Every structure is written in C-alpha cells, then in structure tokens.
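>>> for reference, the sequence and a predicted model appear below.
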Amino acid sequence: MSDEPFLWQMLYHAVYTPPGEPPPPLDITQRPELSRYVAGWGAPGDLGVVAEVEGQPAGAAWLRRLTGERRGYGHVDDQTAELTIAVLPGFRNQGIGDQLLTHLLAQAAHHYPAVSLSVLAPNPARRLYERHGFTVVADHGGLLTMLRHFADPSLRQRSTDETGFGSDAAESA
C-alpha cells in the first residue's frame with residue numbers, strides 16, 4: 001500500500017501558517033511549486049518515514065532530490081536531497097517530529113551527502129532543525145535555506161548505530 005495519499009495530507013500541514021493567520025486553501029498542495037514534493041512518490045532516491053500513534057498515521061518526513069525545473073525551495077545542489085516534514089496538529093509537541101527527523105537522517109546518511117530544507121524564519125520548527133545540525137546557508141527575505149552535511153562516509157555507520165536505528169529500518173514511506 002502506498003503512503004502517497006498521506007504524504008499529500010502531510011504536505012498541506014508542512015505549509016507554515018503564522019499564529020492568527022487563516023490556513024491556506026486545501027488545494028495549495030496542487031500548485032507546481034509544492035506538488036513536486038509528493039507527485040510520483042516512490043521514484044528512485046525517494047526516502048521517507050511515517051510515524052504512527054496507536055496504529056494511526058501521525059506524521060511523516062521525507063526526502064527527494066529535486067533538480068532542474070523541479071528544483072524546490074530548499075535547493076542547494078543536485079546531489080542534496082530536500083526535506084519535507086509535518087506532524088498532524090493533534091500530535092504536535094510530543095516529540096514525534098524529533099523522532100521522525102532522527103530516524104530519517106540516520107537513513108539519509110547512507111544515501112546523500114547532505115540534506116537541505118526551507119523554512120520561514122519565525123517558524124518554531126527552525127529550532128528542531130538546528131538541534132539536528134542544520135545551519136542557515138541562505139536567507140531570501142525571511143525564507144531560510146538550511147543545510148545539514150553528513151560526516152565522512154567511514155563515520156556514517158557509527159553515527160547511525162548510535163541513533164538506535166539499524167540498517168533494517170524502512171527506507172521509504
């Protein structure tokens with residue numbers, strides 16, 4: 001069974017809405033600049049994890065290389081995968097985003113030299129990204145591009161083992 005329908009739902013929740021602002025329309029995810037993060041999920045190189053609470057999906061984090069005309073907001077270079085992450089509102093502030101990111105980055109270290117993302121400067125999720133080693137590499141009027149490089153390949157297995165996730169962890173959502 002494909003997780004793509006849930007990823008579309010998560011893409012909507014990944015769009016940051018500042019406090020006091022109305023949420024965006026549901027069809028915002030169909031805009032080309034956003035749909036590229038999910039459309040055709042399962043292509044070579046796609047990598048993701050889904051969090052479940054009591055058997056129900058609660059959040060997801062995924063990576064894709066978006067290149068050429070499909071470049072995303074957090075594009076750094078064609079070898080770096082872009083991160084998308086979201087947790088359903090009823091499950092936020094319970095550490096699920098932290099667990100998703102820990103698990104996904106442990107797996108990503110085996111596949112990519114680095115991971116990037118874009119985040120609005122006031123988004124509280126920025127602190128989560130910083131705790132996971134992301135640093136700001138560009139500021140486009142408050143839309144930040146953040147990047148996390150992985151260690152030398154000879155050190156990657158050790159850091160993965162320290163997270164508690166082994167090589168048998170799921171590699172796709």
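Yep, it's here.

>>> any low-confidence regions in this structure?
Where the chain drops to pLDDT under 70, the residues are 1, 152-173.

>>> again, only this time at 80
1-2, 151-173 (pLDDT under 80).

>>> the longest strand in it is where?
Ranked by number of residues, the top strand in the chain under DSSP state E is strand 56-64.

>>> show me which positions of stretch 117-134 end up buried.
Residues L117, S118, V119, N123, A125, R126, L128, Y129, H132, F134 are the ones in stretch 117-134 that count as buried (16 or more other Cβ atoms under 10 Å). Heads up, the C-betas are built off the backbone N, CA and C, glycines and all.

>>> determine how far the last residue of that stretch lies from the first.
The straight-line separation of the ends of stretch 117-134 (Cα to Cα, to the nearest Å) is 9 Å.

>>> which residue ranges of this protein form strands?
Using DSSP E, strands in the chain cover 47-53, 56-64, 81-87, 114-120, 135-140, 143-149.

>>> single out the most deeply packed of those.
Comparing those by mean neighbour count (mean count of other Cβ atoms under 10 Å), strand 81-87 comes out on top with a mean of 24.
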